[in-house]
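1. can you look at this prediction? I've put the sequence above it.
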Amino acid sequence: MTMPPPTATSCPPKAPPLAQRWKVLIAGFVANAALIAATTGLPTTALSLSADYGFGHAELAWIFGSMGLGLALSELPWGLLTDRWGDRPVLLCGLLATCLALFGLAIGGQPGDGALTRLCVGLLLAGLAGGSVNAASGRAVMAWFGPGERGLAMSIRQTAVPLGGLLGACTLPPLACQQGFAMVFAALAGLCALACYLTWNWLHEAPNQLTTESMNHVLRPAWREAQLWRLALGIGVLCMPQFVILSFGAVFIHEQLDGNLLMVSASLATLQLGAAAARVLSGHWSDRHGNRHLYLWRCVQAAAVAYLLLAGATALQAQQLLPTAPVLALLIGCGIVISAWHGVAYTELASQAGVSRAGTTLAMANSVVFLGMFLTPTLVAVGLEHGDWSWVWCAAALLTFAAWPLLRAPRR
């Protein structure tokens, strides 16, 4: 009697080798870090931009917003292409185009007539190309790592955000001051070239790309599912309190706490390192315990309470009833707590969509996130015009709580 050949159900595919999975994760990490070094590192060169180009606040706002606007506009189209073409070709194409745009700024972005237009157009093009990074690298991680590993893997990938920002903040200001902005843009282009090299050598399509779910039936497009949009919107809203600190934390330390450059740099570096560690630990916890929605609810509670405490401490410090150190500690704590949840939320979003739609779904979330990055500085400026820092921190707490109805588990 002959036995029937083994089927996909009776003989499940083996997991890809661990070494290859880590190479894919490292390539995705470097790609994200290179992008974030540009988006959040360039604003740290504001003083040099003002001195070298003669820009005021309005011109700086256009420059810093151009790349974020490009990212917000391009995330969803790149995500759709990722699910259609695969993560490797999309990531290679996007990184190469980003590298060329930044290299073009290194050549043609010098001070002179039309410098503002050249910088804004170049950074907009870099953002339009860089929108490929988040969706493609996230889909690759989801494809190469199993369900019990994705929380930690996605959280490690998300640590590229604080560590990439830390890299940009530590290297770009002295580079701009000593070598000029040609070297700043050349260094950023070099980071993208490194990410492109690692992607070419290490990131390939996963051997078992299709899940059992997608083999059994055809899923409808992710952008047509309200539940996925709800979770994506929740991620975007919960990112806005984080952007308050990332965009205006240095200003708060300098103006409210009378901090010098060393105090600002040390505080933000501590915050970024703590945020990176919190993301990794969060992913590990969610893989072990499984209940991601419970963890997100605890993060929302902890962050909202931390912001309210910061608001109260700021009011007391303004009345000289509290020293600076507790306020600074609360600011750093807020920044860490409001950053801890990223990998867990992105894993939950991609898991609900499935690997075959992960690129589009992650792009949906990042479109909302970068739109929030574009809007938050303006909202903070309005808040400071009509109130003070305590009001800003109270508003951040309300935004944090407002995200929860969007992040909660769907009703069965």
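-> Right, received. Where do you want to start?

2. need the contact list for the spatially most central residue of the chain.
-> Geometric centre of the chain, nearest residue: residue 161, 5.0 Å, by Cα atoms, centre = their mean. Applying Cβ atoms under 8 Å, 6 or more residues apart in numbering, we find residue 161 in contact with 32, 36, 40, 275, 339, 342. All C-beta spots, glycine's among them, are computed from the backbone N, C-alpha and C.

3. and the pLDDT at it?
-> We note a pLDDT of 84 for residue 161 in this prediction.

4. that one: which element?
-> helix 160-179 (DSSP states H and E).

5. gap between that helix and the chain center?
-> 16 Å (Cα atoms, centre = their mean, to the nearest Å).

6. where does the stretch 151-300 of the chain have low pLDDT?
-> The model of the stretch 151-300 of the chain has pLDDT under 70 over residues 208-219, 223.

7. ranges for the helices of the stretch 151-300 of the chain?
-> Here the stretch 151-300 of the chain has its helices, by DSSP state H, counting those that start in this stretch, at 160-179, 181-202, 212-216, 226-255, 261-289, 292-318.

8. can I get these in TSV with distance to residue 92?
-> Output for those, formatted as TSV (distance: least, Cβ to Cβ, whole Å):
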stretch	distance to residue 92
helix 160-179	18
helix 181-202	6
helix 212-216	24
helix 226-255	26
helix 261-289	26
helix 292-318	31
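
9. residues near the nearest residue to residue 312 once chain neighbours are set aside, how many?
-> Spatially, and ignoring its direct neighbours in sequence, residue 312 is nearest to residue 390 (7.5 Å; Cβ to Cβ, 6 or more residues apart in numbering). Per other Cβ atoms under 10 Å, the neighbour tally for residue 390 reads 19.

10. from residue 259, how far off is residue 390?
-> From residue 390 over to residue 259 the distance is 18 Å, taken as Cβ to Cβ, to the nearest Å.

11. pull the number of nearby residues for the closest residue to residue 202 other than its chain neighbours.
-> Once flanking residues are discounted, residue 202 sits nearest to residue 23: 3.9 Å by Cβ to Cβ, 6+ apart. Around residue 23 sit 17 other residues, with neighbours defined as other Cβ under 10 Å.

12. surely residue 23 meets residue 200?
-> No: checked against Cβ atoms under 8 Å, the pair residue 23 and residue 200 is beyond contact range at 11.7 Å.

13. contacting residues for the closest residue to residue 242 other than its chain neighbours?
-> Distances taken as Cβ to Cβ, 6+ apart put residue 338 closest to residue 242, at 4.6 Å, once the chain neighbours are dropped. By Cβ under 8 Å, 6+ apart, the contact list for residue 338 reads 238, 241, 242, 245, 299, 303, 306, 307, 400.

14. just residue 118 next, same as before
-> Residues in contact with residue 118 (Cβ under 8 Å, 6+ apart) are 105, 108, 109.

15. host element of it?
-> Applying DSSP H and E, one finds residue 118 within helix 115-144.

16. next, the buried residues of that helix.
-> By neighbour count on 16 or more other Cβ atoms under 10 Å, the buried set for helix 115-144 is 115-116, 118-144.

17. ok, stretch 171-179 next?
-> 171, 172, 173, 175, 176.

18. so can I have TSV of those residues showing distance to residue 330?
-> Shown next, in TSV, are these (distance: Cβ to Cβ, whole Å):
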residue	distance to residue 330
171	28
172	28
173	26
175	32
176	31
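
19. ok, the residues you listed vs residue 376, which is closest?
-> residue 172 (21.1 Å; Cβ to Cβ).

20. any idea how far the closest residue to the closest one other than its chain neighbours lies from residue 179?
-> Excluding the flanking residues, the one nearest residue 172 by Cβ to Cβ, 6+ apart is residue 41, at 4.7 Å. Relative to residue 179, residue 41 is positioned 15 Å away (Cβ to Cβ).

21. and residue 367, by the same measure?
-> 35 Å.

22. so what's residue 244 up against?
-> 376, 380, 392, 396.

23. switch to 6 Å and redo it
-> Applying Cβ atoms under 6 Å, 6 or more residues apart in numbering to residue 244 gives the contacts 380, 396.

24. burial measure for residue 227, as a count.
-> For residue 227, the count of nearby residues is 11 (other Cβ under 10 Å).

25. I meant to write residue 236 there.
-> Residues near residue 236, counting by other Cβ under 10 Å: 21.

26. isn't it right up against residue 368?
-> Yes: taking contacts as Cβ atoms under 6 Å, residue 236 lies within contact range of residue 368: 2.9 Å.

27. against residue 31, how distant is residue 96?
-> Applying Cβ to Cβ to residue 96 and residue 31 gives a distance of 11 Å.

28. neighbour count for these two, which is higher?
-> Using other Cβ under 10 Å as the criterion, residue 96 and residue 31 rank with residue 31 on top: 33 against 18.

29. what's the pLDDT at that one?
-> Note for residue 31: predicted pLDDT of 94.

30. not counting sequence-adjacent ones, nearest residue to it?
-> Residue 31 sits nearest to residue 195 (Cβ to Cβ, 6+ apart), 4.1 Å away.

31. distance of residue 168 relative to residue 89?
-> Residue 168 is 27 Å from residue 89, by Cβ to Cβ.

32. the two: which is more packed in?
-> Using other Cβ under 10 Å, the more surrounded residue of residue 168 and residue 89 is residue 168, with 27 against 15.

33. hmm, that one is touching residue 39, no?
-> No: counting by Cβ under 6 Å, residue 168 stays clear of residue 39, with 8.3 Å between them.

34. ok, back up a step: ok, which of the helices of the stretch 151-300 of the chain comes nearest residue 76?
-> Per Cβ to Cβ, nearest to residue 76 of the helices of the stretch 151-300 of the chain: helix 226-255, 10.1 Å.

35. please state the offset of that closest one from the chain centre?
-> From the chain centre to the centre of helix 226-255 is a distance of 10 Å (Cα atoms, centre = their mean).

36. in it, what counts as buried?
-> Buried residues in helix 226-255, counted by 16+ other Cβ under 10 Å: 228-229, 231-250, 252-253.

37. now the contacts of residue 118 as CSV including secondary structure and pLDDT?
-> What follows is these, written out as CSV (DSSP: H, G, I helix; E, B strand; the rest coil; pLDDT from 0 to 100):
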residue, secondary structure, pLDDT
105, helix, 93
108, helix, 86
109, coil, 82
